[in-house]
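S.K.: Sequence first, predicted model second:
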Amino acid sequence: MLSQAKITFSHQVHHKSVLIITILLILLFLPISGKSQLSAGDIAFTGVNSDGDDQFSFIATTVIAGSEIIYFTDRGYIDETPGWNNSYEGIKKFTVPSEGLLAGDMVVISNSSGWQIIQGKGTIEGISGTGTFALAAEGDQLFAFQTDDAENYTPTFIAGIHLNYEKSSGSDYGITDNSNWDNISTSNTSYYMSDLPNTLTTGTNAIWLHDNYEKDNGKYNNTISQGTKSEILASCNNVDNWEMHNSNTFTLGYPSTTSTIASGNWNETSTWNTTNGIPGKITDVTISHDVTVTADCAIDDGSITAGYALTINSGDTLTCNGTLTINSDASNNGSLIVNGVVSGNVSYKRYITGSRWHMISSPVSGQSINSLLTESGNNIPQSESDYGMMDYNTTSDNWNDYFTSSTSGNLTLGKCYNIRRETNGTVTFTGTVISSNINVSISDAGNSWNLVGNPYPVAINATKFADATNNFLTVNSSNLDPSYTALYLWDEQDNYVEGRNDYKIINNAGSGSLVQNYLQSAQGFFVKARSGSSLVSFTTAMQANQSNASFKSGEAPWPAICLTIRTDDKFSETNILFNEQMTAGLDIGYDAGAFKVDTDFSLYTRLIEDNDVDFMVQCLPNDFDKTQIIPIGIDAPENTLLEFNVDTKDWPDDINIVLLDKFKNKTIPFNNEISIYSTSLITSGIGRFYLQVGKNISTGISKQINNILLIPMPQQEKILLRNIRNETLVTVFDISGKKICFYKSGAEGSIHLDFSGKKNGIYIVQIKSTDYIISKKISWMK
């Protein structure tokens, strides 16, 4: 029984195999049908030229499978029969390329030396015995359809376009309207006339082009070429989005290149070059204006010129099939504001000056460290295997070793790096844009200093003056040390020497010499973490179109004092600002603790209501009727010869600034003329120097200064200097700062400065005694 069961089962398998093979053979030899694979509106016509070389174009509104067949004809249609109104016009067979068509793909077919595809992919061929496919100059029609038999079977219509406009109302024509086009009958055989098939609707999946007269040529302006099927169809079949002409032809399809001519929305013709028009997915684009994407769109390569911004609105997508490049130069930065989505690669070119260190962060995700270092265009200096780039170690409070040719991994978004170029130029970051909030890890290890940076390809709001709420300082105030709620930026100046403090501060008050309410893309900076804090946040709401924002621009909006000490090769500064809303205590986000690069040489202040923190920026109330006394601290080696200097911004004329030197028992007024005080340092720290600010401050030195006179005597070619005291050194400079001559007097009274041979112009006379240094301008005219 077991053996028989095996035999029976074997026969059953054999019969089933024969049946399956037979079915497969039958299916193999059945005709392949293109019918009903597509539905109405799966493509839309985007252009027709009846004059010149006959041409037409269409766009896929959805994904169309490879090898799908679509037929095109210029025959008219009669809905009474239903059927074609003639058989002498032709039919063309279009075969979709094997890889298929994506939504937004456009195909242009032209009868130039035979029918051929001149943009897009696929094949086009005629159908034998179907007549001549030629577009009538009287205004013709085109239909796209599928069928089992192009000549004999009823078509399944996909799209239609009509350019005729027939005013006659006789029995042959009926009344022309949108719902049925020419409304022809079976007795009419005009090849340029047609009904609208019942399965198509004007404005939905078909279009009728006219302006109460037939048109030979028309072109869709590419207002919408990406998005949902219904969005593309609604735009393509809206006659308001078409250009038409009865004799001039159009260049159909997407332009190969185009550029902006005005600021505006992406899908408005007024934004783009009038010849090439709105771009499409194969177009290389140059954006030299501020442009906003308000609907899905696509390009090949794109370039944003320095100083301009491209904004992607929420819910909209820009698809970049190549690379979108954002440029910057010495004055401006290009910007990409992504509230929606950017699909594809983005390259950000960050301009930096050569032979200087710059703190920068990557504005894209996925940038390889190795490729950044080795890219020749970045011009990063190399010594053996070391490159001019490094990162910061919070725990050790120092820089890590230089990156090398073997450094692996990608740049971390929101993390900052120190980098330099050999010469002025750009450093290119390539990757994808992040359109979400980014949290960056920080630590309170070491001295709690962390190096972070703007991770977006656009400026961000840094202070409340940029945006009251969505700014870096406000969002992160709870994570930053209260005495250091500020951004510390490196701003290397000329003739830099190691250990010099070239850091500047951005906070809610500015620093007297630096006021910047925005941080440019890829800009890095130090922050000091609050004890226990572990992150800072960059949010998309911080993004701002500030393409010319530079961290070295602007002046203080409040009255400000910049106090500087200087030696032969070093300097340090501290800033004091005044505003009615400030206090004598700690004003978080306004007062900023000192960032001491060189602990052997620094200048700082202490709060009037002291909290034992050294401050680089201190903000005080502007109640100048009361004299405010500000402790000044100096860290420097013993016996260092210091030169004090005061500069002011927006300073009231009647407010006095006086330096108190308690060790020498001197009061030195820094008014409009006196600007320098020199002395030797005995001990470091707080206690010797104070700055007095107020209306009612007097000193004996002021009277001496006011009595000094400079009297030009052009006939004698001399300048008389009167009322000087003690030993006096007099140096004369021209207006460019070049030293012209030098004099020394050892007695009180007057001296004559020899000005023989001097050119007419403005000169600066510096008068230096043991008590003061003043500078006076004088006009010399012979």
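M.R.: All right, it came through fine. Since this is a predicted model, take the numbers as computed values, not measurements.
S.K.: domain assignment for the chain?
M.R.: According to automatic domain parsing, the chain comprises the domains 1-30, 31-253, 354-544, 560-699, 708-780.
S.K.: Would you pull up how far the longest one lies from the middle of the chain?
M.R.: Averaging C-alpha positions (Cα atoms, centre = their mean, to the nearest Å) puts domain 31-253 42 Å from its chain's average.
S.K.: Report the helix or strand with the lowest average pLDDT across this structure.
M.R.: Counting by mean pLDDT, DSSP states H and E, the chain has its least confident helix or strand at helix 2-29, which shows a mean of 40.
S.K.: after it comes which helix or strand?
M.R.: strand 43-49 (DSSP states H and E).
S.K.: Given that next one, what are its sheet partners and their directions?
M.R.: Partners of strand 43-49 in the sheet, by DSSP bridges, are strand 55-60 (antiparallel), strand 217-220 (antiparallel).
S.K.: Could I get the CA-only coordinates of that strand as CSV?
M.R.: Below are the C-alpha coordinates for strand 43-49, written out as CSV (Å, rounded to 0.1, in the frame of the first residue of the first chain):
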residue,chain,number,x,y,z
ILE,A,43,-0.2,62.6,-17.3
ALA,A,44,-1.0,66.2,-18.3
PHE,A,45,-0.1,68.1,-21.4
THR,A,46,2.4,71.0,-20.8
GLY,A,47,3.0,72.4,-24.3
VAL,A,48,2.1,72.3,-28.0
ASN,A,49,3.7,74.0,-31.0
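S.K.: Ser371 - how many residues pack around it?
M.R.: Ser371 has 12 neighbours, counted by other Cβ atoms under 10 Å. Where C-beta positions appear, they are placed from N, C-alpha and C, glycine not excepted.
S.K.: Let me fix that, I meant to ask about Tyr743.
M.R.: Tyr743: 17 neighbours (other Cβ under 10 Å).
S.K.: element containing it?
M.R.: strand 739-745.
S.K.: Quick check: beta-bridge partners of Ser303?
M.R.: Applying DSSP bridges, one finds that Ser303 bridges with Thr286, Thr325.
S.K.: My read is that it contacts Asn327, right?
M.R.: Yes. Using Cβ atoms under 8 Å, Ser303 is in contact with Asn327, at 6.5 Å.
S.K.: ok so, going back, right, and the strands paired with strand 43-49 - which one's nearest Lys229?
M.R.: The closest of the strands paired with strand 43-49 to Lys229 is strand 55-60. By Cβ to Cβ, the value is 9.4 Å.
S.K.: Output the closest one in PDB, but only the C-alpha positions, please.
M.R.: Extracted in PDB, the C-alpha atoms of strand 55-60 (Å, rounded to 0.1, in the frame of the first residue of the first chain):
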ATOM      1  CA  GLN A  55       6.100  69.600 -30.900                       C
ATOM      2  CA  PHE A  56       4.200  68.600 -27.800                       C
ATOM      3  CA  SER A  57       5.200  67.900 -24.200                       C
ATOM      4  CA  PHE A  58       3.600  66.200 -21.200                       C
ATOM      5  CA  ILE A  59       4.300  65.700 -17.500                       C
ATOM      6  CA  ALA A  60       3.800  62.500 -15.400                       C
END
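S.K.: Can you get me a residue count around the closest residue to Ala65 other than its chain neighbours?
M.R.: Sequence neighbours aside, Gly100 is the residue nearest to Ala65 in space, at 5.3 Å (criterion: Cβ to Cβ, 6 or more residues apart in numbering). Neighbours of Gly100 under the rule other Cβ under 10 Å: 16.
S.K.: wait, Gly100 sits on Ile64?
M.R.: Yes. Counting by Cβ under 8 Å, Gly100 touches Ile64, with 5.8 Å between them.
S.K.: Could I get the contacting residues of the closest residue to Asp140 other than its chain neighbours?
M.R.: Spatially, and ignoring its direct neighbours in sequence, Asp140 is nearest to Tyr192 (5.0 Å; Cβ to Cβ, 6+ apart). By Cβ atoms under 8 Å, 6 or more residues apart in numbering, the contact set of Tyr192 is Gly76, Ala136, Glu138, Gly139, Asp140, Gln141, Asn164, Glu214.
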